[in-house]
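[1] next one to model:
(chains A and B)
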Amino acid sequence: MATLRFNSLTGTLEKNPTSFFSSNPRLCWAYFQCNNKGERRASRMTVKAMGAAKYKGTQMREKKLTEMIEKKVTEAKQVCEGDETSEECKVAWDEVEEVSQAKADLRLRLEIEKKDPLESFCQENPETEECRIYED
Amino acid sequence: MAVCPVYTTQSLNSTCSISTPSKTHFSSHHNHLVFYRTSKRTSKRGGSSSCVITCSAGDSQTVVIGLAADSGCGKSTFMRRLTSVFGGAAEPPKGGNPDSNTLISDMTTVICLDDYHSLDRTGRKEKGVTALDPRANDFDLMYEQVKALKSGIAVDKPIYNHVTGLLDPPELIKPPKILVIEGLHPMFDERVRDLLDFSIYLDISNEVKFAWKIQRDMAERGHSLESIKASIEARKPDFDAFIDPQKQYADAVIEVLPTQLIPDDNEGKVLRVRLIMKEGVEHFSPVYLFDEGSTISWIPCGRKLTCSYPGIKFSYGPDTYFGHEVSVLEMDGQFDRLDELIYVESHLSNLSTKFYGEVTQQMLKHADFPGSNNGTGLFQTIVGLKIRDLYEQITAIKTAAPLQATKA
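    Next up is the predicted model:
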């Protein structure tokens, strides 16, 4: 727990947050008198570890989306070779955008929320294939 | 049609209107309005002088917010900041379809409009339409369901699965206090537009979009600079035809542009962000700098505040946007330290904060979200506070009127 103190020129304000993780080292250093450098580094490491998939189902989704991105980019390039303004070409690149965004959303969820999206589903259905704990 | 007894009430800020629950409307910002005592609809600084007499069938009316963005839905940082202002974290519905796009917190439910796709991925390929095309979306269903939720009726909403590209079996959505509909077409259909109590459009310029998509996709196998560029170019005609025109209807537009502080910067790291706020929107008072309605250019860095490169520059002033009167607050540059943020906050007015430093506190709470050190995070946070203010005003009117009526 770090003490947050900042001074504004129109007054002073003090606040004690209960926890603060920052992936931006500059942010942490500038805002906090981080008492223990070792502690700060350790907590950032914990954050990184939690950003990975926990359940097999999520790992499978990640893999599928990665493969789909590659496949659909190749498809789009082929389709657009003839006519770049054709409907088929537009649709093909739109699909690429859709799966790219889906993958990014999944990654964001794992990194920022630090919770596997299958968490609540797997609590109700722990015996399914998807809910096997993923071991690296 | 419900029988609505007419009361003459003088509510908090002397606004009164007459409404019946099931009828259609005249104003695009009101739920239902049959007629006014006075004809003045727009509210100036001193408050409007129209009369409100609410006849509510209980407290079932939900406040509906529309957010137009091209960045997928439900998981964006804007939504997280917004739900955080109300307290609590938004999570997918527990125990349901794990690929659901919906987010639910105590006060808010965020619905992804992709769920109203009438064509799944295969269907769109066959018909040759992109997801941006209105032909791929069922606006009738969207309107019916948003209307139902707004009147306090739960709905079975379809789920569009972004992984499989298929339409999954529906999930039950119960009417929340605040419903946010996020996606490509919240303001496209006029009927849906009229249900919105407040609407926001996230307008990302092409250069910034390109820079962001590079950051998003470059690590992916299969993507290259060319493929990212080709994808943006191919979607552009549909985007310009169907999505972009919605910004004229928005109550607030957050425009993200490359910075002007660094010549030839194309990394998209330092941003110039403009918050375009429509004047005369009910329950919404635009944020201003120093003197409302005047034109200001402000560089906070100087003797009192030292900023690092490239610094911060603000401007504020009235303008017109698609024929509407607007106020524009603009920030160019980056926050590097906390005291810059609090210094800026202390000079802005009409923020709808509940205590000094609330904007800064909210920004700090999500310091790891993208945009936390520039205008995107700042203006998203401010819009979140404005929505909270709007919600409180609307619910205060609804609860005040019947109470006052019983006194009369």
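[2] so, low pLDDT: which residues of chain B?
    By pLDDT under 70, the weakly predicted segments of chain B are B:1-60, B:71-75, B:401-408.
[3] got the buried residues for the longest helix belonging to it?
    If you go by DSSP state H, chain B has its longest helix at helix B:375-407. By 16 or more other C-beta atoms under 10 Å in any protein chain shown, the buried positions in helix B:375-407 come out as B:375-391, B:393-394, B:397-398, B:400-401, B:404-405. Yep, even glycine has a C-beta here, placed from its N, CA and C like the rest.
[4] cool, and stretch B:242-250?
    Across stretch B:242-250, burial judged by 16+ other C-beta under 10 Å covers B:242, B:243, B:246, B:247, B:249, B:250.
[5] need the contact partners of it.
    With contact meaning C-beta atoms under 8 Å, 6 or more residues apart in numbering or on different chains, stretch B:242-250 is reached by B:68, B:70, B:132-134, B:184-188, B:193, B:199-201, B:203, B:253, B:278, B:321-324.
[6] got it, and stretch B:281-297?
    Contacts to stretch B:281-297, defined as C-beta under 8 Å, 6+ apart, come from residues B:27, B:29-30, B:43, B:45, B:48, B:197-198, B:251-252, B:275, B:277-279, B:298, B:313-318, B:327, B:329, B:347-352, B:382, B:386, B:389-390, B:393-394.
[7] give me the distance between the two termini of that stretch.
    The straight-line separation of the ends of stretch B:281-297 (C-alpha to C-alpha, to the nearest Å) is 25 Å.
[8] try stretch B:329-348
    Stretch B:329-348 has an end-to-end distance of 10 Å (criterion: C-alpha to C-alpha).
[9] I'd like the distance from that stretch to the chain centre, please.
    Centre-to-centre, stretch B:329-348 and its host chain are 22 Å apart (C-alpha atoms, centre = their mean, to the nearest Å).
[10] buried residues in it?
    Buried-residue list, stretch B:329-348, by 16+ other C-beta under 10 Å: B:329-346, B:348.
[11] can you show me the helices along the stretch 201-350 of chain B?
    Taking DSSP state H, counting those that start in this stretch to define them, one finds helices in the stretch 201-350 of chain B at B:206-217, B:225-238, B:338-347.
[12] only the buried subset of the contacts of stretch B:281-297, as a ChimeraX command please.
    Buried members of the contacts of stretch B:281-297, defined by 16+ other C-beta under 10 Å, are picked up in ChimeraX with:
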select /B:29,30,43,48,197,198,251,252,275,277,278,279,313,314,315,316,317,327,329,348,350,351,352,382,386,389,390,393,394
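[13] please go through the contacts of stretch B:281-297 and note which also touch chain A.
    Among the contacts of stretch B:281-297, no residue sits close to chain A (C-beta under 8 Å from any C-beta of the partner chain).
[14] phi first, then psi, for residue A:129.
    Backbone torsions for residue A:129, taken as degrees, to the nearest 10, come to phi -60, psi -40.
[15] spell out which parts of the stretch 51-200 of chain B neighbour chain A.
    Taking C-beta under 8 Å from any C-beta, the part of the stretch 51-200 of chain B that reaches chain A is made up of B:71-72, B:75, B:80, B:89, B:91-92, B:94-96, B:98, B:121, B:124-125, B:128-132, B:162-163, B:165.
[16] rerun at 10 Å
    Contacts of the stretch 51-200 of chain B with chain A, taken as C-beta under 10 Å from any C-beta of the partner chain, map to B:70-77, B:80, B:89-101, B:114, B:121, B:124-133, B:136, B:161-165.
[17] what about those, which are in helices?
    Filtering these for helices - DSSP H - leaves B:77, B:80, B:121, B:124, B:125, B:126, B:127.
[18] can you pull the pLDDT of residue A:135?
    The per-residue pLDDT reported for residue A:135 equals 67.
[19] just want the angle from the strand or helix carrying residue A:93 to helix B:206-217.
    For residue A:93, the element it lies in under DSSP states H and E is helix A:87-108. Angle of helix A:87-108 versus helix B:206-217, following axes from the mean of the first three to the mean of the last three C-alpha atoms, to 10 degrees, is 60 degrees.
[20] now helix A:87-108: buried residues?
    For helix A:87-108, by 16+ other C-beta under 10 Å, it's A:89-108.
[21] and for stretch B:118-126?
    B:118, B:119, B:120, B:121, B:124, B:125.
[22] the first one touches residue B:141, doesn't it?
    Looking back up the chat, that one is residue B:118. Yes. If you go by C-beta atoms under 10 Å, residue B:118 and residue B:141 touch, sitting 8.0 Å apart.
[23] need the overlap of contacts for those two.
    By C-beta atoms under 10 Å, 6 or more residues apart in numbering or on different chains, residue B:118 and residue B:141 have these common neighbours: residue B:158.
[24] which of the buried residues of helix A:87-108 are close to chain B?
    Contacts with chain B within the buried residues of helix A:87-108, as defined by C-beta under 10 Å from any C-beta: A:89-108.
[25] ranges for the strands of the stretch 151-300 of chain B?
    Assigned by DSSP state E, counting those that start in this stretch, the strands in the stretch 151-300 of chain B fall at B:155-160, B:167-173, B:178-183, B:198-204, B:252-258, B:271-278, B:288-289, B:296-298.
[26] so which of those is the most surrounded?
    Comparing these by mean neighbour count (mean count of other C-beta atoms under 10 Å in any protein chain shown), strand B:178-183 ranks first with a mean of 26.
[27] which elements pack onto it?
    With contacts defined as 3 or more C-beta pairs under 10 Å, 6 or more residues apart in numbering or on different chains; DSSP states H and E, strand B:178-183 has these neighbours: strand B:63-68, helix B:77-86, strand B:108-112, helix B:139-150, helix B:190-195, strand B:198-204, helix B:375-407.
[28] what angle do it and strand B:108-112 make?
    20 degrees.
[29] and the angle from strand B:178-183 to helix B:139-150?
    Put simply, strand B:178-183 runs at 160 degrees to helix B:139-150, going by the same axes, to 10 degrees.
[30] sheet partners, orientation included, of strand B:178-183?
    Partner strands and pairing direction for strand B:178-183 (DSSP bridges) are strand B:63-68 (parallel), strand B:108-112 (parallel).
[31] tabulate those (TSV), appending mean neighbour count and distance to residue B:172.
    Below are the strands paired with strand B:178-183 laid out as TSV (neighbours: other C-beta atoms under 10 Å in any protein chain shown; distance: least, C-beta to C-beta, whole Å):
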stretch	mean neighbour count	distance to residue B:172
strand B:63-68	25	18
strand B:108-112	25	11
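[32] distance to residue B:268 added to the ones you listed, as TSV?
    Below are these laid out as TSV (distance: least, C-beta to C-beta, whole Å):
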stretch	distance to residue B:268
strand B:63-68	21
strand B:108-112	25
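[33] of all those strands, which one is nearest residue B:266?
    Comparison of the strands paired with strand B:178-183 against residue B:266 by C-beta to C-beta identifies strand B:63-68 as nearest, at 25.8 Å.
[34] who touches the nearest residue to residue A:125 once chain neighbours are set aside in this structure?
    In space, and not counting its chain neighbours, residue A:125 is closest to residue A:131: 6.0 Å by C-beta to C-beta, 6 or more residues apart in numbering or on different chains. Counting by C-beta under 10 Å, 6+ apart, residue A:131 makes contact with A:54-58, A:116, A:118-119, A:121-125, B:98.
[35] do that again at 8 Å, thanks
    A:55, A:56, A:57, A:118, A:121, A:122, A:125.
[36] and chain B, is the lengthiest helix in chain A touching that?
    Secondary structure of chain A per DSSP H: the longest helix is helix A:56-82. Yes. Applying C-beta under 8 Å from any C-beta, one finds helix A:56-82 touching chain B at A:57, A:61, A:64-66, A:69-74, A:76-77, A:80.
[37] output the contacting helices and strands for that helix.
    helix A:87-108, helix B:225-238 (3 or more C-beta pairs under 8 Å, 6 or more residues apart in numbering or on different chains; DSSP states H and E).
[38] having no further points to raise, I will conclude here.
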